Every structure is written in structure tokens, then in C-alpha cells.
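*Asks:* Could you look at this predicted model? Sequence included:
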Amino acid sequence: MSKEPGKTLLKMKVNGKAVEVMVNPTWTLLRVLREELRLTGTKKGCEQGDCGVCTVIMDGRTVNACLVLALQTESKEIETIEGLGTADQLHPLQKSFIKHGAVQCGFCTPGMLLSAKALLEKNADPTLEEIKRGISGNLCRCTGFVKIIKAIQNVHR
Amino acid sequence: MKKRGIGIGCMYYGMGYGFSRPDVSAAEVEICEDGSIIVRSGEVDYGQGSDTIFCQMVAEELGIRYDTIQLITADTFATPNAGPTSASRLTYVTGNAMVKASRAIKKTLQSVAEEILGERDLLFLDEEIFSESHPERRISFRQLAKEGHLRGLPMVETAWHDITTKDVNPETGQGDAYSTYAYAAQLAEVAVDTETGEVEVLRIVAAADVGKAINPSNVEGQIEGGVAMGLGYALTEEIKEEGGYLKTRNLGEYMIPTSMDVPPIDPHIVEVPVSSGPYGAKGVGEPALIPTAPAILNAIANAIGVRVTELPANLENLHRLIREKERD
Ligand code: FES
Ligand code: FES
């Protein structure tokens, strides 16, 4: 990769693949994912850590990609919605969201799915309260959360 | 001390724009040679599910599979105007245009099928067209589409639906205001902390008369989302402004409900068909939200005898009202 003034080489893993990208130190992970890697499934909402639509998983934990500086992800593993499933091979959570009608406008959905995934990886059988807490950083203006919670509760049923 | 109360809110809502304001929608249905369908309309689905129900409607009319339909929407280069997604009007107005266009093209297909099958009592079902009395006389939808094209018949139809009303007499307020009305009622159960003014909504029961639920799961989703929005409107959401400058600038200050705030919601779909709606349907967008705040405020009054007349009924405001009442 050619040297670009003011930029630094960032090496990380995104959805299992090694990625090298020249980044400006002021860029956020969100900017790198969307603008440099063209992974636009991660949404850009408030850019202040309030809405959760930019949620991705970093080394097993959910983060708001708008609050993480790109260079903080050096050598880390990032999981975005693009790594969750494909159109022919949906992740069980994606299937459950469709089955339960948990998607309306869909803007919160990628972040919601990743929060749910991180939750279920730590806690395979969460209570209602634990699910509510697990997605409390992901705002949804459309659904009232009812069907989203149902979809998470019934993912393996 | 925590005190509990229940309250009811109800509403009626005029569908569409009313009062002689133009309220029209267009839809175009085209049948391709391979029997697949292209539907074009300027309607915008921003999450309420209109794309889904319009495909359902076209599929229902033509007896075809929902997934053979390609829907092109909201593109002035390609789609006829359907008017805005507002006033809870799309199901009711654009839905009618979808049904009309489908029926017009079905008529053409029916005449071709009559000619080929030699029968008039034809049913369009499961991708086939067959005679009710002689069910062995049948033709696939795909083949029929091809026959229509081979005959050079119009395989595209555009329909226009207009619900513009005449208006009311400005003196008396009487006359033709809206094409039809939706009705909804909700019941809220709350617990109010008399020390802090904190309101916990324990449960909302929400009934909406949608005429006919084209997609019941979608309607429930609309009701649940509406209730959550109504809850925020009642208790936390507030735009503050000072000297013309917004002081509420982000979602940390404008507090919308999170998953932790939304109580159990019990949605009830009421179906009283309206003759002017497609399959009797009317809209549910705003009706789902309107009764929530009044139901919650009535429940607060029922719990602690304090009438909230200014929204939101947040900690600050309710705490003040409770103290004022104690002083009286
Ligand atoms: S865009 Fe990151 S939290 Fe809103
Ligand atoms: S589905 Fe629209 S914000 Fe969640």
C-alpha cells in the first residue's frame, strides 16, 4: 500500500478476514467500515453513542463504532452485520427476526442483531429482563421492541 | 409511596387529508411474458409495511404467489404519483389503486382464459385459472400471461384512486370532512411514586379498528410501535427552545423510550370493514399512537388525583404538580 501523508496503516480482522487499511488518526471505526471498507450494513445515526445503530462486535463485546477510534482496533477482531449471515444462509437470529415481524424500517436492525448475538453468546438462555438490558443501548423508533424481544426469546424454538 | 391507577384514552381519526384537500394515489400493474408481475407506485414504505401489503393485494387479486411480484416504488423517473406517506392514508388510498389496477388487468386475462377454456365461471387461484364447474379445464397463470402477450392485449394497467372530500360548511362545521374514520381505544395501568413523581407504566392494552387487517403481524407492529411513541410523548419527550435556538439537540437530551421503558403491550385488532377501503381496510399509523398519552394521563389522575395539562409528565413536572396539590 502506498504511503499517504498523515495516515497510518491499520491491521485488523473484519468478519474473519485480515484487513489492512490506511487511516487518518481522527477517523472512527464507523467511518472506516462504511467509507473505506464499504460495509454499509453498519448504520450511521447520531454519531454520539446515543442510538446504537452503529453497534458492532469487537473481540466478543459490543461497541458503538462511532465512539471507537479506528486505530484502537489495531489487531482486533471486528464483527459486522455483513458477517452474520448471507441471503441464502441466514443466521438463526435473522430468521427469527423475520419470522416474528421484528423489522419495520430496519435502521436499528443490524445493531440490534449484533447486540442480541453478543448477549446470546454469553448467556444462551436469557431472561426477559436480561434481553431488555442487552438491547437497551439500541434505540428503535418503530417496533416498540415487543417483536424484537420475542424474536430473541424464541430464536431456538 | 407508590399509587396505582388505570385510565382510558380513545380517539377517532379522519383518514387522509380531508376538507377538500386533494388526496389521490396511483398504481400500475404490469404482467410480463413469463407471468411475473411488476408493480409501480410512488408510495413510500418507511417501515410501516405498505410494500408488503400491496404485494399481498395484487397477489390476492390475481391468484398468484406473492414472491413473483417485483415492486418499484418512490422513483419519479419510474413510478406514478401516490401522494405522501402521511395521514395514515396509504393502505386506504394507494391500496384501492392497487386493487383497481389488478382487477382491470384481471379482466383482460379473464377474457383470454374464457376464449381458451370455453368456460366463464373462472377462478384465479394458486397460479392457475380454472373453471369452477369443470375444474379439469385449466391454464397456468404463466401460460395465460403469454397468451395475452401473443394477442397483443394491454398487459399493463394504471389505476387512480381519489378520496378527496367536498369539505364542510365553514359556518356550521357540517358536511363532508373526511372519506372515513378510524377508531382506537387504549387502557393504561400505571404506578406513580408520590415522592419523586416517577411514573411507571405497567401495561397498555391497545385496540384499533383497522377495518380489515391485511397483514395482522404488521398491524400489531404498528400498534406496538405507536404505543411506545405515545409513551415517550406522554412521559419524556420534549423539545426545548430558547430565543429561537433549539436546546434539545441530541438523543441524550430528547429521551425516547428504550427497551427498558416499554411496558407489556396487549394489541387488539378490531375489524369493522369500511366499504370504501380495499377489502374493508383503513389505516392504523397514527391511530395507534394517539390514545396512549391521554390513557396514561388519565391513569395518573386516577392514581394520585393530579391532572397533567402540559406534556411531558416527566419527573420534574409531575413532582411540581404533586407538591402544588399538597399545598392546596
Ligand atoms: S451512530 Fe453510533 S451510537 Fe448512534
Ligand atoms: S425498525 Fe425502525 S428503528 Fe427499529
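*Replies:* Structure's in. What do you need? Small disclaimer: the values here were computed from a predicted structure and weren't measured. Ligands and ions are numbered 1, 2, ... in the order given.
*Asks:* Strands of chain A, residue ranges please.
*Replies:* Applying DSSP state E to chain A gives strands spanning A:8-14, A:17-23, A:55-58, A:61-64, A:77-79.
*Asks:* buried sites along the shortest one?
*Replies:* Looking back up the chat, that one is strand A:77-79. A:78, A:79 (16 or more other C-beta atoms under 10 Å in any protein chain shown). From N, CA and C alone the C-beta is placed, and that goes for glycine too.
*Asks:* before we move on, what about the second one?
*Replies:* Neighbour-count burial for strand A:17-23, with 16+ other C-beta under 10 Å as criterion, is recorded at A:19, A:21, A:23.
*Asks:* The first one and residue B:236: what is the separation?
*Replies:* In this structure, residue A:19 lies at 40 Å from residue B:236, with C-beta to C-beta, to the nearest Å as the measure.
*Asks:* rewinding a little: closest one to ligand 2 among the strands of chain A?
*Replies:* Shortest distance between ligand 2 and the strands of chain A, using C-beta to the nearest ligand atom, is found for strand A:55-58: 12.4 Å.
*Asks:* pLDDT of the closest one, averaged?
*Replies:* Mean pLDDT, strand A:55-58: 98.
*Asks:* Send over that strand as CSV, restricted to the C-alpha atoms.
*Replies:* This file holds the C-alpha atoms of strand A:55-58, laid out as CSV (Å, rounded to 0.1, in the frame of the first residue of the first chain):
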residue,chain,number,x,y,z
THR,A,55,-23.2,-1.4,17.1
VAL,A,56,-20.5,-3.9,16.0
ILE,A,57,-18.8,-6.7,18.0
MET,A,58,-15.1,-6.1,18.9
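*Asks:* Pairing partners for it, with directions?
*Replies:* Sheet pairing of strand A:55-58 (DSSP bridges) gives strand A:61-64 (antiparallel), strand A:77-79 (antiparallel).
*Asks:* Quick one: the helices in the chain, in order.
*Replies:* Using chain A here. For chain A, the helices defined by DSSP state H cover A:29-31, A:92-99, A:109-122, A:128-134, A:146-153.
*Asks:* um, chain B though
*Replies:* Applying DSSP H to chain B gives helices spanning B:50-62, B:90-117, B:141-150, B:216-235, B:292-304, B:315-327.
*Asks:* Mind pulling the model confidence for the residue in chain A positioned nearest to chain B?
*Replies:* The minimum distance from chain A to chain B, using C-beta to the nearest C-beta, falls at residue A:105 (2.9 Å). In this prediction, residue A:105 carries a pLDDT score of 96.
*Asks:* Could you do the one 4 residues further on as well?
*Replies:* The model reports residue A:109 with a pLDDT of 98.
*Asks:* Residue A:87 now?
*Replies:* The model's pLDDT for residue A:87 equals 89.
*Asks:* May I ask you to confirm that residue A:4 is in contact with residue A:22?
*Replies:* Yes. Shown here, residue A:4 and residue A:22 form a contact pair, counting by C-beta atoms under 8 Å, at 5.1 Å.
*Asks:* quick one, domains of the chain?
*Replies:* Chain wasn't specified; assuming chain A. Chain A breaks down into these domains under automatic domain parsing: A:8-83, A:92-153.
*Asks:* wrong chain, I was asking about chain B
*Replies:* Taking automatic domain parsing as the criterion, chain B consists of the domains B:2-15+B:180-327, B:24-162.
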